[in-house]
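S.K.: Curious how this folds, go ahead:
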Amino acid sequence: MRRGSCHHCGRPLEFEDKVFRKDTCPDCGSDVYCCLNCVNYDESAHNQCRESQAEKVTVKDRRNFCEYFGLREGKTSGSAAQKAAEARRKLDSLFKK
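M.R.: Sure thing, here's the model as predicted:
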């Protein structure tokens, strides 16, 4: 059983065997087979990937054909919705009177 969470909405995901390229999150419809859900994704690494032989993928939140994809177990570093909400709070705090 593979368990992870959606990079976009944070919903827990479970897959019996492996994640296929066409799989999407049942809540928000985001692609699961993408860099942001991959065990090799690392913002500080070259091309944001720890796998040195992987081809560069420019759009990290869409499905791709990477052969090195592995579903990141547990929670992702933060969903896009959470990051957007945090950025909005920081921006609002700058303009408070």
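
S.K.: can you pull out the strands in the chain?
M.R.: 2-5, 12-15 (DSSP state E).

S.K.: residues in contact with the first one?
M.R.: Which is strand 2-5. With contact meaning CB atoms under 8 Å, 6 or more residues apart in numbering, strand 2-5 is reached by 11-19, 32, 37, 71-76, 79. C-beta here means a position set from N, CA and C on the backbone, and glycine is covered the same way.

S.K.: Could you dump the strands of the chain into CSV and include mean pLDDT and distance to residue 45?
M.R.: Supplementary listing: those in CSV, determined by pLDDT from 0 to 100; distance: least, CB to CB, whole Å:
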stretch, mean pLDDT, distance to residue 45
strand 2-5, 88, 19
strand 12-15, 91, 23
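
S.K.: mind putting the ones you listed in JSON lines, mean neighbour count and distance to residue 57 included?
M.R.: As requested, these are arranged in JSON lines below (neighbours: other CB atoms under 10 Å; distance: least, CB to CB, whole Å):
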{"stretch": "strand 2-5", "mean neighbour count": "17", "distance to residue 57": "18"}
{"stretch": "strand 12-15", "mean neighbour count": "14", "distance to residue 57": "20"}
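
S.K.: Distance to residue 91 for these - can I get that in a markdown table?
M.R.: Below are the strands of the chain laid out as a markdown table (distance: least, CB to CB, whole Å):
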| stretch | distance to residue 91 |
| --- | --- |
| strand 2-5 | 26 |
| strand 12-15 | 29 |
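
S.K.: Out of the ones you listed, which is closest to residue 51?
M.R.: Closest to residue 51 of those, according to CB to CB: strand 2-5, at 17.3 Å.
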